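1. sequence first, predicted model second:
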Amino acid sequence: MLDFYLIKRDSPNPRSPKNLEFVGGLESHTFSHLKKLQIISDNFDYYSDFRWDIGLIESMLLKTEHLNSQNTDVKQIHEILTLAQKNQCALFAFCD
């Protein structure tokens, strides 16, 4: 599972999610499907930790709004992105 956590904009990348707020996770097949839909860029690897900053989150949210809202994979990432946007935080992903 790839777990997503809120992280303040100016915070350095953490070594562990210990003190971060968990906001959701994605299975590998969901992550792959979102890449095929071009919501997630090919630059991101499911098995590597990475960070999505607020600008990228807003861009990804726009992409999810233009897709079928009945798609459960799109709904799942949309909810994670929306939580980050509401909190004005970046997202840090940890693969466990």
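-> Received it, and whenever you're ready, just let me know what you need.

2. strands of the chain, start to end?
-> Here the chain has its strands, by DSSP state E, at 2-7, 21-26, 50-52, 90-95.

3. in the sheet, which strands lie alongside the first one, parallel or antiparallel?
-> Read that as strand 2-7. Applying DSSP bridges to the sheet, strand 2-7 is found paired with strand 21-26 (antiparallel), strand 90-95 (antiparallel).

4. please identify the deepest-packed of these.
-> Highest mean neighbour count of the strands paired with strand 2-7: strand 90-95, a mean of 20 (counted as mean count of other C-beta atoms under 10 Å). C-beta: built from backbone N, CA, C; applies to glycine.

5. restricting to C-alpha, output it in PDB.
-> Only the C-alpha atoms of strand 90-95 are listed here, as PDB (Å, rounded to 0.1, in the frame of the first residue of the first chain):
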ATOM      1  CA  ALA A  90       1.600  19.000   0.400                       C
ATOM      2  CA  LEU A  91       1.300  15.200   0.400                       C
ATOM      3  CA  PHE A  92       4.100  12.800   1.200                       C
ATOM      4  CA  ALA A  93       3.800   9.300   0.000                       C
ATOM      5  CA  PHE A  94       5.400   6.300   1.800                       C
ATOM      6  CA  CYS A  95       5.300   2.800   0.400                       C
END
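
6. circling back: switch the strands of the chain over to TSV; also include distance to residue 58 and mean pLDDT.
-> Formatted as TSV, the strands of the chain follow (distance: least, C-beta to C-beta, whole Å; pLDDT from 0 to 100):
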stretch	distance to residue 58	mean pLDDT
strand 2-7	15	98
strand 21-26	16	98
strand 50-52	10	97
strand 90-95	11	96
